[in-house]
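> Coordinates for the following, if possible.
(4 chains)
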2 protein chains.
Amino acid sequence: MKNPKDGVQSVSRALTLLQELARSDDGLRVSDLARSTGLAVSTAHRLLTTLEQHGFAQFEPETTLWHVGREAFAVGSAFGRRRNFVAPALPFLKRLRDVTRETANLGILDDKQLVTISQVESREIMRAISNPGGQVPVFCSGMGKAIVATWSDDAIAALADQAGLPPMTTKSLRNMDAVFEDIQLTRQRGYALDDEEHVTGLRCVAAEVWSPQGEAVCAISVSGLAARLTDARLDTIGAQVRKAANELTLRLGGTPPV
Amino acid sequence: MKNPKDGVQSVSRALTLLQELARSDDGLRVSDLARSTGLAVSTAHRLLTTLEQHGFAQFEPETTLWHVGREAFAVGSAFGRRRNFVAPALPFLKRLRDVTRETANLGILDDKQLVTISQVESREIMRAISNPGGQVPVFCSGMGKAIVATWSDDAIAALADQAGLPPMTTKSLRNMDAVFEDIQLTRQRGYALDDEEHVTGLRCVAAEVWSPQGEAVCAISVSGLAARLTDARLDTIGAQVRKAANELTLRLGGTPPV
DNA sequence: TCCCGTTTTCCACATTGTGAAAAACCTTTT
DNA sequence: AAAAGGTTTTTCACAATGTGGAAAACGGGA
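As a prediction, the model looks like this:
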């Protein structure tokens, strides 16, 4: 008769109540909840009380309506917190590596530096030069520029002011005019380009990834020898990177740019 | 022996497990959970399974670790949805973050606790210590004090009476005299200050946001290392936070204080 | 291969959750 | 002002349900 696969009855019922509560924006009454879940009113009441004791449900005495409680919010946000983008990003990076046959990277902006968090290496003989964990000045990095391009010009100027524009190669951007010109291009193209600005001989195509809060949290890029990442391939790869970035954005619960 | 006031045992235990899971960023094993909650392993396992069936917990077979599940996230965000000032607040938080270069927060008062609803992080190395969803005793929080300062002294006393004054650091307010003194200052200044009263080394400047009904519904704050939020900057930041709070108030259809 | 530390399943037992019904509240109606 | 109709709470006897010890199934190391 009893099927253990159903789990613990009372817990299961309590969770159903919570889900029902979450469905409603302006609260529900005990009797409504009892009806919609098929529970006895007294049972629903008892379970709700328990949920309330733990802060998962909330009762408004004035209106006698039940709501989802703060503790549910607290526990739920732990789900989002755990999302360090590395794990979900991997499949997209791999696919990107496979379609481009070049190294794919994931990076975040941290204290004026772009940090490469994760990397899926090209299978070609010549590998990328930068390592995961490696840091690059923002404006010498494709990923850095992709993220920064989403900011206001003022914010960009402020960052450049603080971080400076340390040149890494002869092609590095050396003044604000060059920076804004490059950012302008980045916004138009929909992807950022590092054309041997970090390491001579190395090119890098990048696009930013958006958080649910509507901010560019990290970026995806493809990097390889300038000899292989020819001008002719740039737009194709740009579109592929853009696509991967948008897909990851969706995966993370964000909204890609129009 | 049995006290019905304790609520439904199994539900209560399951919720405790969830809270425990939320505390950990990289997952917990059944046996760890059993130990930390004082449950028999088999019981913990059974409850977790039930949580998993509803999507509130998530099990990683590879690592045999348990995490908070997507459904907990879904239900939790219903809490945020009901307090729908999150979306309209974001632009103001971002601007505040940009002008102060510190983390900007949005919080509401809920059952004697201040809950951080949303957050726009500083771009500096040291990020905020508190997470969205985090809860702080009212009188240890800048945002809490900003809201409460709009109340009558009687109401404040009543709340303190109920909630107590649990000290979080050595600088926390420990008696009603200190509270009223601080509230007095808050009203004069036009902004509230949490000077390492919640976390040592962390300062926080806050101002309340008004509803069209003329009540302080939520608060905006800027938080950062005490080393960076120096006394010299306090009044400037206070004015900036006040301004952001007033702008959001207008946006929500309320009337800012004179 | 065997072993140790897990996770998972099983099962007899009584603790614990259950729901009908009654009590306590509210508004609204007469 | 009292009665009626809708709630939300509380109570309580009963047995269905959840419990935890112990045993079984894994899953990596030696």
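> element containing A:Gln58, please.
A:Gln58 is located in strand A:57-60, with elements delineated by DSSP states H and E.
> in that strand, what's buried?
Of the residues in strand A:57-60, those scored as buried under the neighbour-count criterion (16 or more other Cβ atoms under 10 Å in any protein chain shown) are A:Ala57, A:Gln58, A:Phe59. Quick note: C-beta positions are derived from backbone N, CA and C, even for glycine.
> between those residues, which is nearest B:Arg174?
Nearest to B:Arg174, judged by Cβ to Cβ, of the buried residues of strand A:57-60 is A:Gln58 at 29.3 Å.
> and that closest one, what does it touch?
Listed by Cβ atoms under 8 Å, 6 or more residues apart in numbering or on different chains, the contact set of A:Gln58 reads A:Glu52, A:Trp66, A:His67, A:Val68, A:Gly69, A:Arg70, B:Asp110, B:Asp111.
> Closest to DNA strand D out of those?
Taking Cβ to the nearest atom of the strand as the measure, DNA strand D sits nearest to A:Trp66 out of those, at 8.3 Å.
> what helices or strands is the helix or strand hosting the closest one leaning on?
In the assignment (DSSP H and E), A:Trp66 maps to strand A:65-68. Packed against strand A:65-68, as judged by 3 or more Cβ pairs under 8 Å, 6 or more residues apart in numbering or on different chains; DSSP states H and E, are the following elements: helix A:9-23, strand A:57-60, helix B:70-82.
> how about that strand: buried residues?
For strand A:65-68, using 16+ other Cβ under 10 Å, the buried residues are A:Leu65, A:Trp66, A:His67, A:Val68.
> cool, stretch A:199-217 as well?
Using 16+ other Cβ under 10 Å, the residues of stretch A:199-217 that count as buried are A:199, A:202-211, A:213, A:215-217.
> what's the average pLDDT for it?
Regarding stretch A:199-217, the rounded mean pLDDT is 88.
> and it, how far apart are its ends?
As for stretch A:199-217, its first-to-last residue distance stands at 24 Å under the measure Cα to Cα, to the nearest Å.
> which residue sits closest to the residue nearest the centre of chain A, ignoring its sequence neighbours?
The central residue of chain A, meaning the one whose C-alpha is nearest the mean C-alpha position (Cα atoms, centre = their mean), is A:Ser211 at 4.4 Å. Closest residue in space to A:Ser211, ignoring its immediate chain neighbours: A:Val217 at 4.3 Å, by Cβ to Cβ, 6 or more residues apart in numbering or on different chains.
> now do A:Val75
Counting by Cβ to Cβ, 6+ apart, B:Ala22 is the residue found nearest to A:Val75 once chain neighbours are left out, at 4.2 Å.
> quick revisit: where's the host helix or strand of the residue nearest to A:Ser211 relative to the chain centroid, distance-wise?
Secondary structure assignment for A:Val217, by DSSP H and E: strand A:216-225. Distance, stretch centre to chain centre, for strand A:216-225: 13 Å (Cα atoms, centre = their mean, to the nearest Å).
> by contact count, what packs against whichever helix or strand comes after that strand?
The element immediately downstream of strand A:216-225 (helix or strand, assigned by DSSP H and E) is helix A:231-251. Helix A:231-251 is packed against helix A:86-100, strand A:202-210, strand A:216-225, with contacts defined by 3+ Cβ pairs under 8 Å, 6+ apart.
> coming back round to it: so the residue nearest to A:Val75 sits against A:Phe56, correct?
No: in this structure B:Ala22 lies outside contact range of A:Phe56 using Cβ atoms under 8 Å: 11.4 Å.
> got any residues that touch both of those two?
Counting by Cβ under 8 Å, 6+ apart, the common neighbours of B:Ala22 and A:Phe56 are A:Val75.
> Settle it for me: which of the two has more neighbours?
Set side by side, B:Ala22 and A:Phe56 give different neighbour counts by other Cβ atoms under 10 Å in any protein chain shown, the larger being at A:Phe56 (30 against 22).
> for the record, mean pLDDT for the helix or strand A:Leu193 falls within?
For A:Leu193, the host element (DSSP H and E) is strand A:192-195. Here strand A:192-195 scores 96 as its mean pLDDT.
> Okay, now the sheet partners of it, with direction.
Based on DSSP bridges, the pairing partners of strand A:192-195 within the sheet are strand A:202-210 (antiparallel).
> what's the angle between the strand it pairs with and helix A:86-100?
Comparing the axes of strand A:202-210 and helix A:86-100 via axes from the mean of the first three to the mean of the last three Cα atoms, to 10 degrees yields an angle of 130 degrees.
> Next, report how far strand A:202-210 is displaced from the centre of its chain.
Averaged C-alpha coordinates place strand A:202-210 at 14 Å from its chain's average position (Cα atoms, centre = their mean).
> What of stretch A:156-166?
Relative to its chain's centre, stretch A:156-166 lies at 24 Å (Cα atoms, centre = their mean).
> got it, and stretch A:65-85?
On the basis of Cα atoms, centre = their mean, stretch A:65-85 is displaced by 18 Å from the centre of the chain it belongs to.
> Hmm, A:Ala227 and A:Glu102 touching each other?
No: here A:Glu102 lies out of contact with A:Ala227, judged by Cβ under 8 Å, at a distance of 11.8 Å.
> which regions of the stretch 1-150 of chain A lie under the pLDDT threshold?
Regions of the stretch 1-150 of chain A meeting the criterion pLDDT under 70 cover residues A:1-6, A:80, A:82-84, A:86-87, A:110-111, A:122-134.
> got the residues of the stretch 1-150 of chain A near DNA strand D?
Within reach of DNA strand D by Cβ under 7 Å from any atom of the strand, the stretch 1-150 of chain A has these residues: A:2, A:8-11, A:29-32, A:41-42, A:45-46, A:49, A:59, A:61, A:64.
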